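[1] Sequence below, structure please.
(chains A and B)
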Amino acid sequence: MLVQTLFYLFSVILVIAALAVITSRNPVYSALALVMCFVTSAAIWLLIEAEFLAVVLVLVYVGAVMVLFLFVVMMLDINLAELRQGFTRFAWLGWVTALAVIVEIAGVIWAKGGMGIDVDRAATPHAADYSNTLELGRILYTQYAYPLELAAMLLLVAIVAAIALTMRHRAGLKKQDVDAQVAVKSADRLRMVKMDAEKRP
Amino acid sequence: MPDNLMTWSTLAPATAEISLALAICVVLLVDVFAGARRGLTPTLTLLAVAVCAALTVEFSHVAERTVILQGMYVADQLAFVLKLVGFLVVAVVLLYSRSYLEERGILRGEYYVLALSALLGIFVLISANNLLTVYLGVELLALSVYALVAFDRDSGVSAEAAMKYFVLGAIASGALLYGMSLLYGLTGTLDLGEIAVRLSGPMSLGVILGLAFIVVAVAFKLGAVPFHMWLPDVYEGAPTSVTLFIGTVPKIAYFALALRLLAQGLPGASLEWTQMLTPLAVLTLVVGNVVAIVQTNLKRMLAYSTIANVGFIILGFVAGTADGYSAALYYTLVYVLAALGSFGVILLASRKGFEADKLDDYKGLHQRDPMLALAMMLLMFSTAGVPPLVGFWAKLRIFQALWETHHLWLVIIAAAMSVVGAYYYLRVIKLMYFDDAPAGLPAPAPAPGVRLALGVNAAAALALGLLPGPLLNLCARLLH
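    Alright, predicted model coming up:
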């Protein structure tokens, strides 16, 4: 009963936050509402005993991706009026898509028996000392070790490609050279001049 | 869990991938810390490729089909040979490209790292036995190649080509994933061998739908009409050294992709996918050959020639027999050899500040550089399919395979289109030998070593044509 109450509580918050993402006029509010979405989804995942995924969702999406998103949104100088121009022109397309998705979801719910999909089966709860992080790690580093390594290679290549395509060493760039600053000697900066005393005017 | 245990002896068939991944890391690190030393990275990369190839020969030869890494990786004779060819072709590509990169100021270590990672993607594809590894191989290869196409950052044309390639490539990846997800949903497994077992008997509509998406993705990657739109723009826009790369090595990978996915993964649906491939092959042959005639840019002309040649490779799959696949393999290898040489000639004929990519730049090449003209003539004759060069045998094998499977109409269309294609290959030869060189064209001056490599490359097209037996037998043996 408690779990169900929590589920509906988080679901309501999730739906409201999701609506806020697409309805708020300020993109920063949208991004913050998206953070709310992620946090509540993580809570719902906790309820279905997917603890590891919930933690990863908070760490990766809330902690890294959305912070980056917020920075980008704040840095970009977006002209909202220009973006909104002609928005209503495609509104009908949005409505049609939304309707199609709703019909599809309803179809799946109604047709659940006919497709041979066993949706009514309740998940058997695991014992308290069951760790899905351990299970995930075990399967990821044995059965899926090869694809995992390939994905790691893919990320390495992505980093190399991104740096190769964007990093520039411009000639004549005025930047601080710490090594040169530390290695400087007094003779480089100070010039001792011997001169005769002069009469005060 | 004894079957999950990974020891060196069980991993030995994957030596090529493991050593190449290590080589990538070494080249990357050495380039960061000592890359300023001129010429270190290119030499080190060639050395690394040689060492990896030697290790592959030493450790990863398997007598028969072996499946390791939880069924995700397949090692067989075909994979072994294709990987060695991959090493060889990449080494030659990097050898040809070096002075070109140097003259344009884009000789940076990342170029070599990306070339090696593309090769790694190719190897993953060659040995893929699981939809997951197929996809990861496709992406590893594609990501490296997108970056290579955009490598000349200050060139707007390259950036445009890379953007087109990236967006269209992403759509193709999406199609591939969608097809795979349908197959996975219907069979409940990602393992290609398992899918082949579970999909027998009459195909359901879902399987055919998934198959259609996979065929579209394969056709896109190969550059078959009507999914060829990216190919001429990318070939023309990319730096010529990159065009040389994407015109040669990935073809081996995409042949392997088609073979592993369609011929070995979905043999039960071979009737369906040959029906899908037949119109693709016909369109590819017609559009590739006819549109190539009106091109004035040699890189673009060779891009359409690639499309036309892809049509022949697909015809090998249309035949749908072991003979057909071995003909397609032979055609792929022969095409890679010819493309390596002909794009190599473009590279060597270019100088600092001068791209020899217009057809008119080749007028009177014979007077300026007889050796380069001779090599180009041999390669053009080979691609056109003139005996006794090796291209003739490749076309003949495809015709044979089609004839044996009673595809008379396809033989007639392919033969007619070969005749159309001969026109534009012979035009290049006419320009080189019978036209006078316009004043002001610089004479090519490639380094002696590179010149020797190109000479060997062109001579190989002739030698393999005079003695076609060994390679033909090898291809037949690998696929029976």
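[2] give the contact list for the residue sitting nearest the centre point of chain B.
    Closest to where the C-alpha atoms of chain B average out (Cα atoms, centre = their mean) is B:K251, at 1.9 Å. Residues near B:K251 by Cβ atoms under 8 Å, 6 or more residues apart in numbering or on different chains: B:222, B:310, B:313, B:332, B:335-336, B:339. Any C-beta I mention is one placed from the backbone N, CA and C, and that applies to glycine too.
[3] what's the following helix or strand after the host helix or strand of it?
    Using DSSP states H and E, B:K251 sits within helix B:240-258. Going down the chain from helix B:240-258, the next helix or strand is helix B:270-293, by DSSP H and E.
[4] Quick one: low-confidence residue ranges for the chain.
    Went with chain A since none was named. When residues are selected by pLDDT under 70, those of chain A lie in A:78-87, A:112-123, A:169-171.
[5] other chain: chain B
    B:1-6.
[6] What residues does it have near chain A?
    B:1, B:4, B:6, B:21, B:24, B:28, B:69-70, B:72-73, B:108, B:110-111, B:113-114, B:117, B:120, B:124, B:130, B:132-133, B:136-137, B:139-140, B:143-144, B:146-147, B:150-151, B:153 (Cβ under 8 Å from any Cβ of the partner chain).
[7] Which ones among those residues lie within helices?
    Among the residues of chain B next to chain A, DSSP state H puts B:21, B:24, B:28, B:110-111, B:113-114, B:117, B:120, B:124, B:132-133, B:136-137, B:139-140, B:143-144, B:146-147 in helices.
[8] picking that back up, take the contacts of B:K251 and keep only those in helices.
    Using DSSP H, the contacts of B:K251 in helices are B:222, B:310, B:313, B:332, B:335-336, B:339.
[9] And the buried ones among the residues you listed, selectable in PyMOL?
    Only the buried members of the ones in helices among the contacts of B:K251 enter the following PyMOL selection, criterion being 16 or more other Cβ atoms under 10 Å in any protein chain shown:
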select buried, chain B and resi 222+310+313+332+335+336+339
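[10] Which residues are in contact with the closest residue to B:K83 other than its chain neighbours?
    Closest residue in space to B:K83, ignoring its immediate chain neighbours: B:A16 at 4.7 Å, by Cβ to Cβ, 6 or more residues apart in numbering or on different chains. Contact partners of B:A16, counting by Cβ under 8 Å, 6+ apart, are B:52, B:55-56, B:60, B:83, B:87, B:123.
[11] With B:I398 instead?
    Per Cβ under 8 Å, 6+ apart, neighbours of B:I398: B:312, B:315-316, B:319, B:327-328, B:331, B:414.
[12] Repeat that for B:L372.
    Applying Cβ under 8 Å, 6+ apart, the residues near B:L372 are B:345, B:348-349, B:365, B:444, B:446, B:454.
[13] and the residue lying closest to A:L136 once chain neighbours are set aside, how far is that from B:A53?
    Counting by Cβ to Cβ, 6+ apart, A:L136 lies nearest to A:F52, which is 5.6 Å off, once chain neighbours are set aside. Distance, A:F52 to B:A53, by Cβ to Cβ, to the nearest Å: 41 Å.
[14] of the two, who's got more company?
    B:A53 (20 against 16; other Cβ atoms under 10 Å in any protein chain shown).
[15] isn't that one right next to B:V90, touching?
    No: counting by Cβ atoms under 8 Å, B:V90 is not a contact partner of B:A53; they are 9.7 Å apart.
[16] Name the residues of chain A found near chain B, please.
    A:142-147, A:149-151, A:153-154, A:156-158, A:160-161, A:163-165, A:168.
[17] Show me which of the residues you listed are buried.
    Looks like the residues of chain A next to chain B have A:143-147, A:149-150, A:153-154, A:156-158, A:160-161, A:164-165 buried, using 16+ other Cβ under 10 Å.
[18] what about stretch A:182-199, start to end distance?
    Criterion Cα to Cα, to the nearest Å; first-to-last residue distance in stretch A:182-199 is 40 Å.
[19] now do stretch B:263-271
    With Cα to Cα, one end of stretch B:263-271 sits 11 Å from the other.
[20] quick one: contacts of that stretch?
    Under Cβ under 8 Å, 6+ apart, the answer for stretch B:263-271 is B:192-193, B:195-196, B:199-201, B:203, B:207-208, B:211, B:214, B:262, B:273, B:317, B:320, B:325.
[21] Which parts of chain A are helices?
    Using DSSP H, helices in chain A cover A:2-23, A:27-47, A:51-56, A:66-75, A:80-84, A:91-110, A:132-140, A:145-166, A:178-182, A:186-189.
[22] Closest one of the ones in helices among the contacts of B:K251 to B:A256?
    Distances from B:A256 to the ones in helices among the contacts of B:K251, taken as Cβ to Cβ, are shortest for B:T332 (9.2 Å).
[23] Near the spatially closest residue to the closest one that is not a sequence neighbour, how many residues? Count them for me, please.
    Excluding the flanking residues, the one nearest B:T332 by Cβ to Cβ, 6+ apart is B:F255, at 4.4 Å. Neighbours of B:F255 under the rule other Cβ under 10 Å: 26.
[24] likewise the one 4 residues further on?
    Burial of B:L259, expressed as a neighbour count using other Cβ under 10 Å, amounts to 21.
[25] give the contact list for it.
    Listed by Cβ under 8 Å, 6+ apart, the contact set of B:L259 reads B:78, B:325, B:328-329.
[26] again, 10 Å this time
    Going by Cβ atoms under 10 Å, 6 or more residues apart in numbering or on different chains, B:L259 touches B:78, B:82, B:126, B:265, B:316-317, B:325, B:328-329, B:332, B:479.
[27] Roughly how far does it sit from B:G265?
    9 Å.
[28] picking that back up, and of the contacts of B:I398, the nearest to B:G237?
    B:F312 (25.4 Å).
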